[in-house]
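Engineer: Sharing a sequence plus its predicted fold:
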Amino acid sequence: MHHDDDDHDHKHDDHDHDDHEHDHDDHDHDDDHGNPADEHDKLHLEIHRAVDELGKYAIDTDISSSKGIAKATVLKFIDDMMVSVTKSCMDNGADLVGHVKSFFSNDDGSIMASIVDHRVPTRIKDSLNSEKIYEARFMFHIIVHGIWDDRVRDSVLDVFDGVFKKWKIPYKITMDHFDTEKSIAHHT
């Protein structure tokens, strides 16, 4: 498969790079097993090494519906939001997803979701003990490689409102975690 070849080439390139730059790093000897967990750890390490090339952004919202929103709808909305935001970042120049996570919560529990590739299903952990949601907090956190914070924010906001409207979920943004100064400092 072409996709696997691309992954293999990418891993091989990283491995070669690591051997030259970081001979002391024992982590490199584990990546021949093809174990997804090992690959994820290795990727995580690569992301930390390239920390100055990461774009990150977080946003918090309050969701409020007097009629209530069915949990089944909320689950579909979360999946749609995760995929849409990740795809938007990739379409806008990101070349690697560090992590995209969301946390939907209220007094009845929470739904946690994460995604590392928009072509792979969103991982959702549903611990919300109600079938109808009237009030909730939805927090979204994203780290990608290849674009700066301002571009990540634009990529998120390009699709954010549309996904809420598509699933008829009323919301208001309570916190936009965007550090303008830090973002500008990246460019100097």
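Structural biologist: Sure thing, it's come through.

Engineer: from here on, contacts and neighbour counts on C-alpha atoms
Structural biologist: Noted.

Engineer: you'd agree Ile111 is up against Phe103?
Structural biologist: Yes - between Ile111 and Phe103 there is a contact under Cα atoms under 8 Å: 5.9 Å.

Engineer: What about Trp167, how many residues nearby?
Structural biologist: By other Cα atoms under 10 Å, 15 other residues sit near Trp167.

Engineer: That one touches Ile78, doesn't it?
Structural biologist: No - Trp167 is beyond contact range of Ile78, at 9.8 Å (criterion: Cα under 8 Å).

Engineer: Could you spell out the sheet neighbours of the longest strand belonging to the chain, each with its direction?
Structural biologist: Counting by DSSP state E, the longest strand found in the chain is strand 54-70. Using DSSP bridges, strand 54-70 pairs in its sheet with strand 132-145 (antiparallel), strand 171-177 (antiparallel).

Engineer: CA atoms only for the last one, dumped as CSV, please.
Structural biologist: Below are the C-alpha coordinates for strand 171-177, written out as CSV (Å, rounded to 0.1, in the frame of the first residue of the first chain):
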residue,chain,number,x,y,z
TYR,A,171,-22.7,27.6,22.3
LYS,A,172,-20.7,30.6,23.3
ILE,A,173,-16.9,30.9,23.5
THR,A,174,-15.8,31.4,27.1
MET,A,175,-12.1,31.4,26.6
ASP,A,176,-9.8,31.7,23.5
HIS,A,177,-6.4,30.6,24.6
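
Engineer: Could you pull up the mean pLDDT of that strand?
Structural biologist: Mean per-residue pLDDT for strand 171-177: 94.

Engineer: circling back to that earlier point, which strands and helices lie in contact with the helix or strand following the longest strand of the chain?
Structural biologist: Next helix or strand after strand 54-70 toward the C-terminus (DSSP states H and E): helix 71-91. If contacts are counted by 3 or more Cα pairs under 8 Å, 6 or more residues apart in numbering; DSSP states H and E, helix 71-91 sits against strand 96-106, strand 109-115, strand 132-145, helix 149-166.
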